[in-house]
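Engineer: need coordinates for the below:
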Amino acid sequence: MTAQLAVEGGEPVRRTPFPRWPVLYEEDIAAAVEVLHSGHLTSLTGGVVAEFEAEFARYHDVRRALATSSGTTAIHLALAAADVGPGDEVIVPAHTFIASATPVMHQRATPIFADVDADTFNLLPSAVEAAVTPRTKAIIVVHLNGHPAPMDELAAVAERHRVALIEDAAQAHGALYQGRKVGTIGRMGCFSFWEDKIITSGGEGGAVITDDDALAQRLARLRSHGEGPLEGERLYYHLELGYNYRLAAVQAAVGLAQLRRLDEYLEARRRNAVYLSERLRALREVQPPLVTEGCVHSYYKYICKLHTDLITVSIDRFVAAVTAEGVPCSRRYPTPLPQQPVFRNAGHGRGSYPNAEVLAGQLFLLQVHPTVQQRDLDDVAAAIEKVAAAYRKA
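Structural biologist: Reported below is the predicted structural model:
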């Protein structure tokens, strides 16, 4: 006989609050305060943004990193620097966060959706190949949830059709593909430092990395009102249409302190993920995250697949029941991008994306961030086990 679910009036597995994330430490706060006291609050008047860029580039073993105001603006700058514009098409995953695709529309280009793998949730190279047309200008490949996409195959597609390969690594800091850090394989790699990312720059922030010096100069110019030259005395001379997508100095200071703990954070996330997967692997109803051979996951989010054919309730009910047990749980991208009104109403997204459509009704999210301890993961596993047993088909 199974225990009564908390959602039905039973005793929950856990009553204590779950460990929060992010956590900013004294060194993060002190770094921000030091910048505030300095009065040099921007990349144009102080040096901390350049210092953060240099360390982020060094971490990835690339020539240049350009800090931006968000991960979304990083992608937008990358598209603009790749000369994506009206009449062009950019291939993006049908299952991802919306900011992987909306910058395409901001460039007045057309997002072309491609289906994703049913187990890693990343772009299917065969679907990308099928989506290429003479108008294709770029492919945005997302390393979703922290699992690297199949870069060898995708790079081959991009090279064969002579299109730019842009990596969206917003959720995958420190993830490895065949020994290489994600973001370093395509023409440009884009990152986010939003509030709950693997590292944060204090709420918002992003970066573009590249080994192409000329491209880096273009990115820097576009980031700051199209102004140039950017060295020496400021001439207020604007060479092209640009944006104000700069990162503030106080954000860079926080990001710099966080960056120095990135490997420590990744070790904790991976340790937590391995432990939780070991606990959940015996359940037929739940598939823990899979990791493809040659890949090292960074576990920004721990995403499980619910085998809905083996339970008696919808995923909404399952997630609500787990949450009621005192464990944070939520659905993961329940509406595929082609079905989002912003794309559908603009005439984009026609077609069939079977894996993305099925995954929308199967995936749920659990937390494995660095402040989570083994005892917390035991509660997570106990809650999943309890709910799965209660709703298991006979």
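Engineer: tell me the secondary structure at the spatially closest residue to C329 that is not a sequence neighbour.
Structural biologist: Spatially, and ignoring its direct neighbours in sequence, C329 is nearest to V322 (4.0 Å; CB to CB, 6 or more residues apart in numbering). In this view, the C-beta of every residue, glycine as well, is placed from N, C-alpha and C. The assignment at V322 comes out as helix when based on DSSP: H, G, I helix; E, B strand; the rest coil.
Engineer: how about the contacts made by V322?
Structural biologist: For V322, the contact set (CB atoms under 8 Å, 6 or more residues apart in numbering) comprises C329, F364, A383, I384, V387.
Engineer: ok, which stretches of the stretch 251-394 of the chain are helices?
Structural biologist: 262-280, 315-324, 341-344, 354-359, 374-390 (DSSP state H, counting those that start in this stretch).
Engineer: ok, which of the ones you listed comes nearest K305?
Structural biologist: The closest approach between K305 and any of the helices of the stretch 251-394 of the chain, judged by CB to CB, belongs to helix 354-359 at 7.4 Å.
Engineer: now that closest one: buried residues?
Structural biologist: Within helix 354-359, the residues that qualify as buried are N355, A356, E357, L359, counting by 16 or more other CB atoms under 10 Å.
Engineer: just those now: which is nearest F121?
Structural biologist: When the buried residues of helix 354-359 are compared for distance to F121 (CB to CB), L359 wins out at 6.4 Å.
Engineer: what helix or strand does the closest residue to the closest one other than its chain neighbours sit in?
Structural biologist: Taking CB to CB, 6+ apart, and ignoring the residues beside it in sequence, L359 has H95 as its nearest neighbour in space, at 5.7 Å. Using DSSP states H and E, no element contains H95; it sits outside every helix and strand.
Engineer: H95 against D117, yeah?
Structural biologist: No - in this structure, H95 sits apart from D117 without contact. The criterion is CB atoms under 8 Å, and the distance is 9.5 Å.
Engineer: shared neighbours, those two?
Structural biologist: Counting by CB under 8 Å, 6+ apart, the residues touching both H95 and D117 are N355.
Engineer: more neighbours, these two?
Structural biologist: Legend: neighbour count by other CB atoms under 10 Å for H95 and D117, higher for H95 (29 against 22).
Engineer: low pLDDT regions in the stretch 1-150 of the chain?
Structural biologist: Scanning the stretch 1-150 of the chain for pLDDT under 70 picks out 1.
Engineer: how about the strands in it?
Structural biologist: 64-68, 89-93, 110-114, 136-142 (DSSP state E, counting those that start in this stretch).
Engineer: and the last one with strand 89-93, angle?
Structural biologist: It stands for strand 136-142. 20 degrees (axes from the mean of the first three to the mean of the last three CA atoms, to 10 degrees).
Engineer: what's the domain layout of the protein?
Structural biologist: Partitioning the chain according to automatic domain parsing yields domains covering residues 26-259, 262-390.
Engineer: deepest of the ones you listed, which one?
Structural biologist: domain 26-259 (a mean of 21; mean count of other CB atoms under 10 Å).
Engineer: what is the end-to-end distance of that one?
Structural biologist: End-to-end span of domain 26-259 (CA to CA, to the nearest Å): 15 Å.
Engineer: chain center to stretch 117-129, what's the gap?
Structural biologist: Stretch 117-129 sits 16 Å away from the centroid of its parent chain (CA atoms, centre = their mean, to the nearest Å).
Engineer: can you give me the first-to-last residue distance of it?
Structural biologist: Counting by CA to CA, you get 14 Å between the two ends of stretch 117-129.
Engineer: make 575 the first number, not 1, from now on.
Structural biologist: Understood, numbering begins at 575; the last thing we discussed is stretch 691-703.
Engineer: can you list the strands of the stretch 575-724 of the chain in a markdown table and add distance to S612?
Structural biologist: Converted to a markdown table, the strands of the stretch 575-724 of the chain look like this (distance: least, CB to CB, whole Å):
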| stretch | distance to S612 |
| --- | --- |
| strand 638-642 | 17 |
| strand 663-667 | 40 |
| strand 684-688 | 42 |
| strand 710-716 | 37 |
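Engineer: wait, which of these is closest to R835?
Structural biologist: Between R835 and the strands of the stretch 575-724 of the chain, the shortest gap by CB to CB is with strand 638-642, which sits at 17.7 Å.
Engineer: re the thing from before, and R588, which of the domains of the chain is closest to it?
Structural biologist: Where the domains of the chain are weighed against each other on CB to CB, the nearest is domain 836-964, at 3.2 Å.
Engineer: could you dump the helices of the stretch 825-968 of the chain into TSV and include mean pLDDT?
Structural biologist: Formatted as TSV, the entries for the helices of the stretch 825-968 of the chain read as follows, by pLDDT from 0 to 100:
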stretch	mean pLDDT
helix 836-854	98
helix 889-898	98
helix 915-918	96
helix 928-933	98
helix 948-964	98
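Engineer: so which of those gets nearest T784?
Structural biologist: Evaluated with CB to CB, the helices of the stretch 825-968 of the chain place helix 836-854 nearest to T784, the distance being 19.7 Å.
Engineer: got TSV for the helices of the stretch 825-968 of the chain, with distance to R761 too?
Structural biologist: Supplementary listing: these in TSV, determined by distance: least, CB to CB, whole Å:
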stretch	distance to R761
helix 836-854	24
helix 889-898	37
helix 915-918	25
helix 928-933	25
helix 948-964	39
